[in-house]
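[1] The sequence and its predicted three-dimensional model are supplied below.
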Amino acid sequence: MFHVLWRWIVLCIAVFVAAHLSFLGISYDRWQDVVVAALVLSMVNTFVRPILMIFTLPLIFFSLGLFVLVINALLLYFVGWAVQGFHVPGFLSAMGGSIIISLVSMLLGANLKRKQPQQGPPPPRSNPPPGQGPIIDI
C-alpha cells in the first residue's frame with residue numbers, strides 16, 4: 001500500500017512541476033486540481049496505457065520506441081480534457097509535459113527500489129576427498 005501511495009505522491013509532484021514550467025502552458029486553477037489530475041493520470045496509465053501500447057506495438061517497434069512519447073502525450077492531453085481546472089492547451093504542451101513528468105518521476109522514484117534482504121557470507125567451501133573432485137579433461 002505504501003508503494004502505491006508513494007508513486008502517487010511522486011506523480012503529484014511531477015505534474016505540479018510540469019504545471020509550473022511556464023513555457024509548457026500547462027496550468028491549473030487550484031492545487032486540488034493537480035491532485036485530481038495526478039489521480040486520473042495514474043488510473044489512465046494503469047488501465048488504458050497498456051492497451052494502447054499493445055495496439056500500437058508495430059509503430060513503437062518501427063519508431064524505435066519514440067511513439068511511446070506520443071502515447072504519453074495523448075494520455076496527458078486527455079487528462080487535461082477530462083479534469084476540470086487542469087488545462088493542457090495543445091498537443092505540443094502535452095508532449096513537453098509528458099517528458100517533464102517522466103523525468104521528474106524517474107528522478108524521485110529512484111529511491112523507491114525495494115531493498116533486497118541482506119544475505120550473509122556464503123558458507124566456506126570444503127575440499128572434496130582425494131579422487132572425488134571434478135574431472136578436468138584436457
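    That came through, no problem. Residues are numbered from 1 along each chain as shown.

[2] Using CSV, list the CA coordinates for stretch 40-47.
    Below are the C-alpha coordinates for stretch 40-47, written out as CSV (Å, rounded to 0.1, in the frame of the first residue of the first chain):
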residue,chain,number,x,y,z
VAL,A,40,-6.8,10.4,-13.1
LEU,A,41,-3.4,10.2,-14.9
SER,A,42,-2.3,7.3,-12.7
MET,A,43,-5.6,5.5,-13.4
VAL,A,44,-5.3,6.1,-17.1
ASN,A,45,-1.6,4.9,-17.1
THR,A,46,-2.7,1.8,-15.2
PHE,A,47,-5.7,0.7,-17.3
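
[3] And that stretch, what's buried?
    Neighbour-count burial for stretch 40-47 flags 40, 41, 42, 44, 45 (criterion: 16 or more other Cβ atoms under 10 Å). Backbone N, C-alpha and C define where each C-beta goes, glycine included.

[4] So which of those is the closest to residue 135?
    Top of the list for closeness to residue 135, among the buried residues of stretch 40-47 and by Cβ to Cβ, is residue 45 at 55.4 Å.

[5] list the contacts for that closest one?
    Residues counted as contacts of residue 45 (Cβ atoms under 8 Å, 6 or more residues apart in numbering) are residue 75.

[6] Shouldn't it be within a helix?
    Yes: counting by DSSP: H, G, I helix; E, B strand; the rest coil, residue 45 is part of a helix.

[7] Need the per-residue pLDDT for it.
    Looking at residue 45, its pLDDT stands at 92.

[8] now swap in residue 130 and tell me
    At residue 130, pLDDT is 75.

[9] what does residue 127 give?
    For residue 127, the model assigns a pLDDT of 77.

[10] SS state for it?
    Under three-state DSSP, residue 127 comes out as coil.

[11] ok, it to residue 134 distance?
    To residue 134, residue 127 is 11 Å away according to Cβ to Cβ, to the nearest Å.

[12] and if you look at residue 38?
    Distance of residue 38 to residue 134, given as Cβ to Cβ: 58 Å.

[13] what does residue 36 give?
    64 Å.

[14] Can you get me the start-to-end distance on stretch 44-51?
    10 Å (Cα to Cα, to the nearest Å).
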